[in-house]
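**Student:** Generate coordinates for the sequence data below:
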Amino acid sequence: MAVSVDTVYQKVLALANKEQRGYITPQEYNLLANQAQLLIFEQYFYDIDAAYDQQAGNSGEYSDRIDTIQEKIAPFENNGTVVASVVTGTAIATLPAGIHKLGTVFRTSSNNIVERVDASEINMMEQTALYAPTAARSVYVRRSPTTIQLYPITPNIATSSTGIVTFNSINKPLQAIWGYVVVNEQALYDATLSVDFDLHPSEESELVYKILELSGITLNKPGLVQIATSEETAMQQLKQ
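**Tutor:** Model (predicted):
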């Protein structure tokens, strides 16, 4: 699953030059390409939420809208394992880099779900015997994009096998790079230095027009915005 970073760039340049809107440098392209990729990727989650709200699923093997979006998200789904540290008595677990959305968290020893609670709730829970976290009913607070804090904070929850937690997550797409070497003052594509887009192949056209749109805004070329917007609108109508 990938979209050629070079193919998209050549199409972007061809459309920009056709309208005599100027040249988009490799540096500008790489910056805007990754912004476009993240915008498309983030839209998946809004689209699938809207599809469920509209009950947009159907029995078609290849035309179910929900299945189509889930197919695009599936390669980014991941599960991992982390161990909380009690060096400072905090039971904080550090998550791997690149997580876009954290899903369900489990305690490995019991396979029980570790429920997420807000930081404002945990003090109240710990002071209430009925709702206080226990080893059998653990909770966690998201302290930062890369850390979670487990409760109850005790040595046995944060060390050895009982302290290991597993989690489901959605990872971010890999950063796309149009790599090049300079020959006779010209940037020439180098596949060995490049990284393709980490999206479903069907997103090639969407990437082209999204990058054109961003180029028009960033480079103050309103004509590009108009072209890209009209093409993108036409694509969206075909999807409906």
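
**Student:** any idea which element Asn34 lies in?
**Tutor:** Under the criterion DSSP states H and E, the helix or strand holding Asn34 is helix 26-53.

**Student:** what's the offset of that helix from the middle of its chain?
**Tutor:** In terms of Cα atoms, centre = their mean, to the nearest Å, the centre of helix 26-53 is found 8 Å from the chain centre.

**Student:** Tell me the buried residues in that helix?
**Tutor:** Neighbour-count burial for helix 26-53 flags 26, 29-30, 32-34, 36-37, 40-41, 44, 47-48, 51 (criterion: 16 or more other Cβ atoms under 10 Å). Quick note: C-beta positions are derived from backbone N, CA and C, even for glycine.

**Student:** Go through those and name the one nearest Ser144.
**Tutor:** Proximity of those to Ser144 (Cβ to Cβ) peaks at Phe41, which lies at 21.7 Å.

**Student:** which residues touch the closest one?
**Tutor:** Contact partners of Phe41, counting by Cβ atoms under 8 Å, 6 or more residues apart in numbering, are Phe76, His100, Lys172, Pro173, Leu199.

**Student:** Compare these and tell me which is most surrounded.
**Tutor:** Sorting those by how many neighbours each has (other Cβ atoms under 10 Å) puts Leu199 first, at 24 neighbours.

**Student:** Next up, phi/psi of the nearest residue to that one once chain neighbours are set aside, please.
**Tutor:** Using Cβ to Cβ, 6 or more residues apart in numbering and skipping the chain neighbours, the partner closest in space to Leu199 is Val3 (5.6 Å). With angles defined as degrees, to the nearest 10, Val3 sits at phi -120, psi 130.

**Student:** can you start the count at 429 instead of 1 from here on
**Tutor:** All set: I'll call the first residue 429, so the last point we hit is now Val431.

**Student:** didn't Val431 look like it was pressed against Leu635?
**Tutor:** Yes: using Cβ atoms under 8 Å, Val431 makes contact with Leu635 at a distance of 6.2 Å.
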